[in-house]
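Participant: model the structure of this input:
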Amino acid sequence: MGKLISRRIPVSGTPVWIALVGLGLLLPAAGLQGGSVADATRRPAAPARGLEPDASHKAAPNEPAPGVAAPSAAAGSLEEDSPEWKDDSGLKVPYEVQFAGISEGPVLSLVRSVCDSVALVESPPATLSLLKQRAVRDSSVIRKALRSRGYYGGAVTSDVDSSRQPHRVRFEVTPGRQYLLRSIQVRTQGVVGEAFPLPTAATAGLAKGQPALSADIASADDKLLQHLGKYAHPQSAVTDRQVRVIHADHAVDVIFDLEAGPAARFGELRIETLVEVDEAFVRAKVPWKVGEPFDTSQLRVLASRLTATHLFGSVRVVAGEQVDDQGLLPVIALVSERRHRTLEASGTFTTDVGAGGRVSWQNRNHGGTGQQLTMATELTGIGFNVFGNLRKPDFGRRKQHLVLDLKIGEDSPLGFTSRNVGLSAQIERNLGTRHWARVGLGLKVSEVEQFGVTDDFAMISLPLEYWHDNSNNLLDPTGGYKVDLKVTPFLDPRGDSDLSFLKTLARLTAYHSLDEEGSLVLAGRTSVGSLSGASRLDIPADERFFAGGGGSVRGYGFNTLGPNDGLQTRGGRSLLELSLELRYKFNDTFGLVGFFDGGGAFTAELPDLDGDIRYGAGVGFRYYTPIGPVRIDVGFPLDKRTGIDSDYELYFSVGQAF
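Facilitator: You can find the predicted model right below:
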């Protein structure tokens, strides 16, 4: 017998109703239905079908029939529905729960998770009789839970000690040995003269010697049918499943009987309920051709492609009901379109830049072909800009997009003023799961004024970019990392100028959760930049590197860190930024952040680690919303410069700092 485990849980006078959901946990409810279990130790007759309670188990009065989930306190039991549960006098029967015969570990965690006596301890029943009924029901539920994890010989008894205050509900749990799969047979009918691999135990995800878990056995049905569907038999069926428990050997034998159904080839595709999306756009996503052998996995591919366009609220792709005389089976795509146009507005405020706002409009179905057209305008304390972007999907090939950008604006941060117009055309390609690359051609015409000197530029660029996003959440990551590398050659082709240079920027961001819930997260970011090929002052000021501000080193004003000319910086040829945050999320709504930043811009092509690197630190508040966290940060300069830096800087925006 294992050690005794006891835990006293505080009792509240206010009932708390908790519904216990055992989806996929209780063996009879996991899809293993339709017959009885053969007990080899007591009934050596021909094996029966399905899985039911062990023949040696005597069902409790309230135990469900085979294939029906056990009732919980929230599923219409006497404990909730009977008038006896109500007690106008407010009297309750408080109790504590003990488990004996089982040690700390996964099995005990399983038992606790299915036990109403634990879940409803703060809602004690009104009478001792009801408490005993609760314990009896839990004994039955625990037995089923044990069998769902392969403990078919497990035993459970319960006892209520009413001589104690509070009463003690004690469960004696003896799991026994975990039963293993001894043999798995897959028998397929209806396949004549066809050369393809028939489904096996490995196809079902089962192997001899592995624990006989009910969820694994139940999920094998779908895996077997998916295999037959992949090889031109989309209308296959599992006609029978036999599960035999051999107690003497602590083993389980399983037999699957399959009917393959007629062989089929892809027929016509019918698309239903299209409104604004062009049908040709949808058909271009189809991964098969009419007449090819049917493969049900391709239906999921089409559904995934249509969902990825963000044009549809729901997508279902299903096979037709009947194979025609030519062996063709139609496919039906049922789609429901989303609203394709969006108007968005956002605002920011920082003490170094002031208030700012952005308004954008997007049509995700421009021309009816899934092209994304975005127009935006942005006004801040340091400039005004208008943006246009057109994104054409599957340009030339799948997973390759054409991206056109236009920017017109005036930027007046500390140190320079730039009036500019920029155009670019780029090809973006998905290189694999979460890997992207982009290459293109850009033109930027600008008039840049710095310290009373105005220069005109007409720079042609060839931007090359690669990025990889392995983070686990787009808006608020708690794990994973991001990598971004951008290399851009610049050239001014005008006859009176031979200016050319290379701009490189690399950024690494990482997130690590310090607890299982993801409420305490350590986040870090490193950025390194370099400009080579030209002297610092020959490079346009709006292409040089600057540091400081809410997206850089907090605690310092925007673009105030770098090689200085008096109280203003001219910008540098290299950049180094380091940021570290500890994020704590109290609940789904509020959180706090502590941060430490460092960095600067430098005159040399590479960052000077012994140079003027300045540090800032501070705290932040987060208010979590469906569109991302609202961020309020207060940063303090740790290397304050007289006449340049304020005592603190305040930053308000939507989204994490990185």
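Participant: which stretches in the stretch 551-658 of the chain count as strands?
Facilitator: Counting by DSSP state E, counting those that start in this stretch, the stretch 551-658 of the chain has strands at residues 564-565, 568-569, 574-585, 590-602, 614-625, 628-637, 649-654.
Participant: strand partners (parallel or antiparallel) of the fifth one?
Facilitator: Taking DSSP bridges as the criterion, strand 614-625 forms sheet pairs with strand 590-602 (antiparallel), strand 628-637 (antiparallel).
Participant: low-confidence ranges, the stretch 501-650 of the chain, go.
Facilitator: 565-567 (pLDDT under 70).
Participant: I'd like the distance from the host helix or strand of residue 223 to the chain centre, please.
Facilitator: Using DSSP states H and E, residue 223 sits within helix 214-230. Relative to its chain's centre, helix 214-230 lies at 25 Å (Cα atoms, centre = their mean, to the nearest Å).
Participant: how about the helices of the chain, start to end?
Facilitator: 78-81, 106-114, 116-119, 128-148, 214-230, 279-283, 297-308 (DSSP state H).
Participant: got the CA positions of the helix holding residue 223 in CSV?
Facilitator: Output of helix 214-230 as CSV, limited to C-alpha atoms (Å, rounded to 0.1, in the frame of the first residue of the first chain):
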residue,chain,number,x,y,z
SER,A,214,-8.5,4.4,-24.3
ALA,A,215,-7.8,7.7,-26.1
ASP,A,216,-5.1,6.1,-28.3
ILE,A,217,-7.4,3.2,-29.2
ALA,A,218,-10.3,5.5,-30.0
SER,A,219,-8.3,7.9,-32.1
ALA,A,220,-7.0,4.9,-34.2
ASP,A,221,-10.3,4.8,-36.1
ASP,A,222,-9.7,8.2,-37.7
LYS,A,223,-6.0,7.5,-38.5
LEU,A,224,-7.0,4.2,-40.3
LEU,A,225,-9.7,6.0,-42.3
GLN,A,226,-7.4,8.8,-43.2
HIS,A,227,-4.9,6.3,-44.5
LEU,A,228,-7.5,4.6,-46.8
GLY,A,229,-8.7,8.1,-47.9
LYS,A,230,-5.2,9.1,-48.9
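Participant: for it, packing partners?
Facilitator: helix 128-148, strand 237-246, strand 251-259, helix 297-308 (3 or more Cβ pairs under 8 Å, 6 or more residues apart in numbering; DSSP states H and E). (Glycine included, C-beta is placed from N, CA and C.)
Participant: of the ones you listed, which stretch is the most buried?
Facilitator: helix 128-148 (a mean of 22; mean count of other Cβ atoms under 10 Å).
Participant: residue ranges in the stretch 101-250 of the chain under the pLDDT threshold?
Facilitator: 193.
Participant: out of the strands of the stretch 551-658 of the chain, which gets nearest to residue 218?
Facilitator: Closest to residue 218 of those is strand 574-585 (Cβ to Cβ; 35.9 Å).
Participant: show me what the closest one is packed against.
Facilitator: So strand 574-585, by 3+ Cβ pairs under 8 Å, 6+ apart, packs with strand 520-532, strand 590-602, strand 614-625.
Participant: how about TSV for those, with distance to residue 181 and mean neighbour count added?
Facilitator: Converted to TSV, the helices and strands packed on strand 574-585 look like this (distance: least, Cβ to Cβ, whole Å; neighbours: other Cβ atoms under 10 Å):
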stretch	distance to residue 181	mean neighbour count
strand 520-532	40	19
strand 590-602	46	21
strand 614-625	45	18
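Participant: of all the ones you listed, which one is nearest residue 540?
Facilitator: Nearest to residue 540 among those is strand 520-532 (10.4 Å), distances taken as Cβ to Cβ.
Participant: the nearest residue in space to residue 534 that is not next to it in sequence and residue 144: what is the separation?
Facilitator: Computed as Cβ to Cβ, 6 or more residues apart in numbering, the closest residue to residue 534 that is not its neighbour in sequence is residue 501, at 4.1 Å. Relative to residue 144, residue 501 is positioned 72 Å away (Cβ to Cβ, to the nearest Å).
Participant: neighbours of residue 310, how many?
Facilitator: 13 (other Cβ atoms under 10 Å).
Participant: buried residues in stretch 352-362, which are they?
Facilitator: Using 16 or more other Cβ atoms under 10 Å as the test for burial, stretch 352-362 gives 352-353, 356, 358, 360, 362.
Participant: format those residues as a markdown table; extra columns: distance to residue 541.
Facilitator: What follows is the buried residues of stretch 352-362, written out as a markdown table (distance: Cβ to Cβ, whole Å):
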| residue | distance to residue 541 |
| --- | --- |
| 352 | 18 |
| 353 | 18 |
| 356 | 21 |
| 358 | 24 |
| 360 | 28 |
| 362 | 32 |
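Participant: list just the nearest of the residues you listed to residue 274.
Facilitator: For those, the nearest to residue 274 is residue 362 (20.7 Å; Cβ to Cβ).
Participant: what bridges to that closest one?
Facilitator: Under the criterion used (DSSP bridges), residue 362 bridges to residue 342, residue 374.
Participant: hmm, it is touching residue 373, no?
Facilitator: Yes - if you go by Cβ atoms under 8 Å, residue 362 and residue 373 touch, sitting 6.9 Å apart.
Participant: so which of the buried residues of stretch 352-362 sit within strands?
Facilitator: The members of the buried residues of stretch 352-362 that map onto strands under DSSP state E are 356, 358, 360, 362.
Participant: between those, which sits nearest residue 245?
Facilitator: Among these, and counting by Cβ to Cβ, the member closest to residue 245 is residue 362, at 58.8 Å.
Participant: any idea how far that closest one is from residue 467?
Facilitator: 22 Å.
Participant: same question for residue 114.
Facilitator: Distance, residue 114 to residue 467, using Cβ to Cβ: 45 Å.
Participant: what residues of the helix holding residue 223 count as buried?
Facilitator: Those would be 214-221, 224-230, for helix 214-230 by 16+ other Cβ under 10 Å.
Participant: please apply the same query to stretch 603-610.
Facilitator: 603, 607.
Participant: touching it from outside, list them.
Facilitator: Identification of contacts with stretch 603-610 by Cβ atoms under 8 Å, 6 or more residues apart in numbering yields 528, 530-532, 536, 563, 572-576, 600, 602.
Participant: need those residues in a markdown table with distance to residue 284, can you?
Facilitator: Formatted as a markdown table, the contacts of stretch 603-610 follow (distance: Cβ to Cβ, whole Å):
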| residue | distance to residue 284 |
| --- | --- |
| 528 | 41 |
| 530 | 42 |
| 531 | 43 |
| 532 | 43 |
| 536 | 50 |
| 563 | 53 |
| 572 | 48 |
| 573 | 47 |
| 574 | 46 |
| 575 | 43 |
| 576 | 46 |
| 600 | 50 |
| 602 | 50 |
